[in-house]
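Peer 1: next come a sequence and a model predicted from it.
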Amino acid sequence: MSNGTLERWYRSLHKGISHYINASHTNWDVGVPFYLMAYRATPNTVTNFSPFYLLHGREMPLPNSDDLKARMVARSLRMSPVQTTETLFMQEDMC
């Protein structure tokens, strides 16, 4: 990779994560994996394929809203920690 190509990629990275970094610039490392996921899943204008597709031969499985939902069993059922643990073990056994 030539220096110009690398500099363009760094500019793209900087522009992409700059919107999500706090004022003290201490959380930039949290945004990089999300930017990389989006970059790898976006089709290239020249090849019309995403970098992930070219590497793996399939589209990237992206998380959906069901994958991101947290299980809030204890709060919704108002159980004690012991009851919550037992309920979680029972749910794991069912899967």
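Peer 2: Received, thanks.

Peer 1: can you give me the helices in the protein?
Peer 2: Using DSSP state H, the helices of the chain run over residues 3-17, 28-41, 51-56, 65-68, 73-77, 81-94.

Peer 1: and those, which one averages the lowest pLDDT?
Peer 2: Lowest mean pLDDT within the helices of the chain: helix 73-77, at a mean of 49.

Peer 1: surely residue 21 touches residue 27?
Peer 2: Yes - here residue 21 reaches residue 27: they are 6.1 Å apart, a contact under Cβ atoms under 8 Å. For every residue, glycine as well, the C-beta is placed using N, CA and C.

Peer 1: what count of nearby residues applies to the nearest residue to residue 28 once chain neighbours are set aside?
Peer 2: Nearest residue to residue 28 in three dimensions, chain neighbours excluded: residue 21, at 5.0 Å (Cβ to Cβ, 6 or more residues apart in numbering). Neighbourhood size, residue 21 [other Cβ atoms under 10 Å]: 15.

Peer 1: distance check, residue 21 against residue 54.
Peer 2: Distance, residue 21 to residue 54, by Cβ to Cβ, to the nearest Å: 29 Å.

Peer 1: also residue 6?
Peer 2: In terms of Cβ to Cβ, residue 6 sits 19 Å off from residue 54.

Peer 1: burial count for residue 51?
Peer 2: 16.
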